[in-house]
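Q: My questions concern the predicted model and sequence given below.
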Amino acid sequence: MKNYIFFFLFSATLITLRAQPVNNIRIDVANSMGGPVSQIFSNVKYIPLETHKMSLFGKIDKLILTKDKFFILDHGTDAILVFDTSGKYLRKMTMEKYVKTSNRQSMGIKDFTVNEGKGEIVVTHMNDFDHLYFFNLEGRFIYKLKRRNCQSLTNIDTEHYLYESTVTFRDSISKSSGNCMITNGDVSQILQYTLPRKQINGIQLGKSPITRLVGKNTVFYTRSYDYSIYKVDKGGAKQMYKFLFPLEYSLPTNFLDSTFTEDRYKYLSNNKKIIYSVSNFYSLNQMLLFHCNTNTPNDINSSLIYSKLSQNLFSLSKVYPDSTNHYLPVYNDYQGILAADSNSIYNSLPAYVLFENAHQVRSDDLKYNEPLKIFFKAKNLKSNPVIVKLELSKLL
């Protein structure tokens, strides 16, 4: 029987959380299952993104869904591109006019969020950590707001944002503290501090992934070296889940304590299958979807689906194509799940991957739908990435 370890690194730190029972979930990553596409997904839709000189980009580094649009951040072109949900190119926006930088690829747009209800896009920039830049949905600049050390930002709902800083702030009146702040709708007023992070010399805690479901007024927050999932709404943060991994995949319980005497970076490099964080977390119906981050190249147990009903664990890397999706791949291990709505998850594939796999199947076996027919006929290996919408089966 596997030895499990419960990992909680922040026991010595006061965390402002709303009291609520926490679900402990045992995850044995080595025993994840796979299966054919038709067993895991009830529907697969490939959405080629229109490719021409103005719309060409390299990779989807962040994807935000709205009711009828895809907003895409590509660090390679340092731009936010907008497509409709059929893949038609609409426009793109850059920050060249507002922040000067000598290297746009590595010191350009850092992050962004789309507040559809307020009709605004909020952008952070790697060369200006102290300001938020506000644009309307058409990409027209509105104003900038001074906010120190912004790491991540997302709108919880129309009138509230979750803002993460690189430093811990303390409220002298309420005595609360945190690296995360819940703010009002224009981010001018901090309503609550929450989720302080333990500061450790010699290790970079890094950006914490924040995920949000379309149409839901809650977000999920995770952080490095912590196996907990936090749900945040306008009222505050709740610790919803704690993942319990087998000992061989878990960090030492004192990893962030002074009693841990090894070089932490070297430890993770030498123990490549250790899970150092959980990210890309979504909760859809009775399914939990998440990514386990390790230093193992091409880890086949990294992107997982856990069924709360059956307690079965599936690996997206072990899902293999069948006739229902034209024997094409459905998942990109490198990126993890990019976005989700109430029924589906979204991933992307480079164009060349689809072409390479299509050529391996007999031509008379291919009965593509119209968008894929057009894609394979008119596109080439250097076309824009293809978004893959995967609707989860209710039978898992």
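A: Ah, there it is. Residues are numbered from 1 along each chain as shown.

Q: quick one: low-confidence ranges for the stretch 251-396 of the chain?
A: 359-366 (pLDDT under 70).

Q: show me where it has helices.
A: 264-270, 351-358, 370-378 (DSSP state H, counting those that start in this stretch).

Q: how far does the shortest one sit from the chain's center?
A: Taking Cα atoms, centre = their mean, to the nearest Å, the mean C-alpha location of helix 264-270 is offset from the chain mean by 24 Å.

Q: Give the full set of residues in contact with the residue nearest the centre of the chain.
A: Nearest residue to the geometric centre of the chain (Cα atoms, centre = their mean): residue 280, 3.9 Å. Listed by Cβ atoms under 8 Å, 6 or more residues apart in numbering, the contact partners of residue 280 are 209, 211, 289, 290, 291, 303, 336, 337, 338. Using the backbone N, CA and C atoms, a C-beta is placed for each residue, glycine as well.

Q: roughly how far apart are the first one and residue 271?
A: Using Cβ to Cβ, to the nearest Å, one obtains 22 Å as the distance from residue 209 to residue 271.

Q: Neighbour count for those two, which is higher?
A: Neighbour count, other Cβ atoms under 10 Å: between residue 209 and residue 271, residue 209 has more, with 20 against 16.

Q: How many residues are close by residue 106?
A: For residue 106, the count of nearby residues is 11 (other Cβ under 10 Å).

Q: now the one 3 residues further on
A: Other residues near residue 109 come to 26 when the count uses other Cβ under 10 Å.

Q: Do you have the strands of the stretch 1-150 of the chain handy? List them.
A: Along the stretch 1-150 of the chain, the segments classed as strands by DSSP state E, counting those that start in this stretch run 4-5, 23-26, 33-36, 41-48, 62-65, 69-74, 79-84, 89-93, 109-115, 120-125, 128-136, 141-146, 150-157.

Q: mind checking which of those strands is nearest residue 195?
A: strand 150-157 (11.7 Å; Cβ to Cβ).

Q: Name the residues of the closest one that come out as buried.
A: 150, 151, 152, 153, 154, 155, 156, 157 (16 or more other Cβ atoms under 10 Å).

Q: Could you report the distance from the first one to residue 113?
A: Using Cβ to Cβ, one obtains 11 Å as the distance from residue 150 to residue 113.

Q: Over to the fourth one?
A: Using Cβ to Cβ, residue 153 is found at 5 Å from residue 113.

Q: and for these two, which residues touch both?
A: By Cβ under 8 Å, 6+ apart, residue 153 and residue 113 have these common neighbours: 122, 161.

Q: buried stuff in stretch 227-246?
A: Buried, per 16+ other Cβ under 10 Å, within stretch 227-246: 227-234, 236-243, 245-246.

Q: and stretch 91-103, average pLDDT?
A: For stretch 91-103, the mean pLDDT works out to 90.

Q: Please apply the same query to stretch 154-165.
A: Stretch 154-165 comes out at a mean pLDDT of 91.

Q: end-to-end on it?
A: By Cα to Cα, to the nearest Å, the extent of stretch 154-165 from end to end equals 12 Å.

Q: How far off centre is it?
A: The answer for stretch 154-165 is 16 Å, by Cα atoms, centre = their mean.

Q: repeat for stretch 347-357
A: Relative to its chain's centre, stretch 347-357 lies at 20 Å (Cα atoms, centre = their mean).

Q: can you check stretch 95-103 too?
A: Chain-centre distance of stretch 95-103: 25 Å, with Cα atoms, centre = their mean.

Q: Same question for stretch 367-385.
A: The answer for stretch 367-385 is 27 Å, by Cα atoms, centre = their mean.
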